[in-house]
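A.B. asks: How does the following fold in three dimensions:
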Amino acid sequence: MTETITEFRARARAWLEANVPQGAPPEDGPASRDFVLGWQRKQAEGGWTGIAWPKEFGGRGLSVLEQIVWFEEYARAGAPTPLDASFVGLNHAGPTLIACGSEAQKAEHLPKILGGETIWCQGFSEPGSGSDLASIKTRGEVDGDTLVINGQKIWSSFADIADVQELLIRTDPTAKTGQALSWVICPMDTPGITVRPIRTMAGVLKFAEVFYDDVRIPLANVVGGLNNGWATAMATLSFERGTAALALLLRHILEVERLLADCPADRPQMRARLAKLRAEGAAIRAMNYRFALDSEHAVPDASGSMIRLAFAEFAQRVTAAAIDLYGLDAPQTVGAHGWAHDYLDAFSETIAGGAAEIQRNIIAERVLGLPKGPR
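C.D. replies: Below you'll find the model as predicted:
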């Protein structure tokens, strides 16, 4: 007998109420890694990972609608933030491997991602090559059945605790822009890799520089074909810019409701500001749902940039409103898990996954069909 959405929601709610970890998770470092992997394993044991992933890749094979319901209940339960160290594997690498990887690559890596065995990080941005991926300089030279990689990446989230990296490199020095690139699976324990963590202004070790000195990776680790990394990377970014942050969006929407409940009646301007955020959150949520349902059986298209941009700016406005409501010295604001931390951390949202200016260009050119700007 097929389970109804209502029944699925009730089961998800009951499981989360019984299993969500109590207390604040560690902020960074090895303790954060242990926490994230342990929570992912617990979800896997309960049958709550890969809900919309195909069954042949270890998922539940359910629809995007069930995945959305799970995200709603996850946010409602106050479960650990979905933008933790498991984010890249679940929302970047996994979907990219499903769409572009070989059968051997899928068999090797997808079960480990879902089962809480590995953490992934991203190696795209470089010093001087942030949103302009076509200009990256980290190179990989073919030596028999191996790539020899030299160069540097930066802003690689959770690279200090990751097992694997989705790495974009230049493999054809004679080709122009995207035709020169390859997307490779890079084990982070490979000799020649040095990771230097970066402490953010929010106070945590979230990002890192990664240096590659004659790092040798098998050609079998190339995903989507040698010198075809631009197409593979665009698939990765399409997943990142689409519904990847939906669970966090839903959390922010619930936070707006709590802010409204805490806002006294004698602050009408603040209440009006929060009401506007409530309406904005509902509109972005509706856009997310429509996009997710339309993209259920395909790689998301460029319209995901609208969702990415809207969410990023919404997150910044919500955290700023919370600071203004409670004040800088309030118990809700200070501390590692207070609003001040979230406010500072939210500044990265309009940079990560392509800066806000890049997202607006994509929307203008690829969604609205406007003339391309100067290059």
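A.B. asks: what ranges do the helices span in the stretch 251-375 of the chain?
C.D. replies: In the stretch 251-375 of the chain, the helices defined using DSSP state H, counting those that start in this stretch lie at 268-294, 304-326, 339-345, 356-362.
A.B. asks: Only the buried residues of the longest one, if you could.
C.D. replies: In this case it means helix 268-294. Residues of helix 268-294 classed as buried: 270-271, 273-274, 277, 280-281, 284-285, 287-288, 291-292 (neighbour count, 16 or more other C-beta atoms under 10 Å). For every residue, glycine as well, the C-beta is placed using N, CA and C.
A.B. asks: Show me what the nearest residue to Ile136 once chain neighbours are set aside is bridged to.
C.D. replies: Excluding the flanking residues, the one nearest Ile136 by C-beta to C-beta, 6 or more residues apart in numbering is Ser129, at 4.7 Å. On the basis of DSSP bridges, Ser129 is bridged to Glu126.
A.B. asks: Ser129 contacts Gln152, correct?
C.D. replies: No - assessed by C-beta atoms under 8 Å, Ser129 is found out of contact with Gln152, at 10.0 Å.
A.B. asks: Next, count neighbours for the closest residue in space to Thr146 that isn't next to it in sequence.
C.D. replies: Excluding the flanking residues, the one nearest Thr146 by C-beta to C-beta, 6+ apart is Arg216, at 5.0 Å. Number of residues near Arg216 (other C-beta atoms under 10 Å) recorded here: 14.
A.B. asks: Parallel or antiparallel, which strands does the host helix or strand of Arg216 pair with?
C.D. replies: Using DSSP states H and E, Arg216 falls within strand 205-218. Applying DSSP bridges to the sheet, strand 205-218 is found paired with strand 146-153 (antiparallel), strand 193-199 (antiparallel).
A.B. asks: what does that strand contact?
C.D. replies: 28-29, 121, 123, 138, 140, 143, 145-160, 165, 184-187, 190-200, 345 (C-beta atoms under 8 Å, 6 or more residues apart in numbering).
A.B. asks: Check stretch 4-18 too.
C.D. replies: 3, 46, 48, 65-66, 69-70, 72-74, 76-77, 79.
A.B. asks: just stretch 50-64 next, same as before
C.D. replies: 47, 49, 66-67, 70, 94, 98, 106, 110-111, 114-115, 292-293, 295-296.
A.B. asks: So among the residues you listed, where is pLDDT lowest?
C.D. replies: Among the contacts of stretch 50-64, Glu296 carries the lowest pLDDT, at 61.
A.B. asks: so the residue nearest to Asp34 when sequence neighbours are not counted, which of the three states?
C.D. replies: Once flanking residues are discounted, Asp34 sits nearest to Pro26: 8.0 Å by C-beta to C-beta, 6+ apart. Following DSSP: H, G, I helix; E, B strand; the rest coil, Pro26 is assigned to coil.
A.B. asks: Count the neighbours of Pro26 for me.
C.D. replies: 15.
A.B. asks: Just confirm it contacts Trp39, I think it does.
C.D. replies: No - counting by C-beta under 8 Å, Pro26 stays clear of Trp39, with 11.4 Å between them.
A.B. asks: Among the contacts of stretch 4-18, which are located in helices?
C.D. replies: Counting by DSSP state H, the part of the contacts of stretch 4-18 found in helices is 65-66, 69-70, 72-74, 76.
A.B. asks: Neighbour count and distance to Glu7 added to those, as TSV?
C.D. replies: Below are these laid out as TSV (neighbours: other C-beta atoms under 10 Å; distance: C-beta to C-beta, whole Å):
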residue	neighbour count	distance to Glu7
Leu65	16	13
Glu66	18	11
Val69	19	10
Trp70	24	13
Glu72	19	15
Glu73	22	13
Tyr74	22	17
Arg76	16	17
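A.B. asks: Let me know the closest of these to Ala330.
C.D. replies: Arg76 (24.6 Å; C-beta to C-beta).
A.B. asks: Please list all residues in contact with that closest one.
C.D. replies: 13, 16, 254.
A.B. asks: Contacts only, for the last one.
C.D. replies: Residues near Leu254 by C-beta under 8 Å, 6+ apart: 75-76.
A.B. asks: now swap in Gly78 and tell me
C.D. replies: Val20.
A.B. asks: before we move on, back to that, out of the strands paired with strand 205-218, which is closest to Gly353?
C.D. replies: So among the strands paired with strand 205-218, strand 146-153 is nearest, using C-beta to C-beta, at 15.1 Å.
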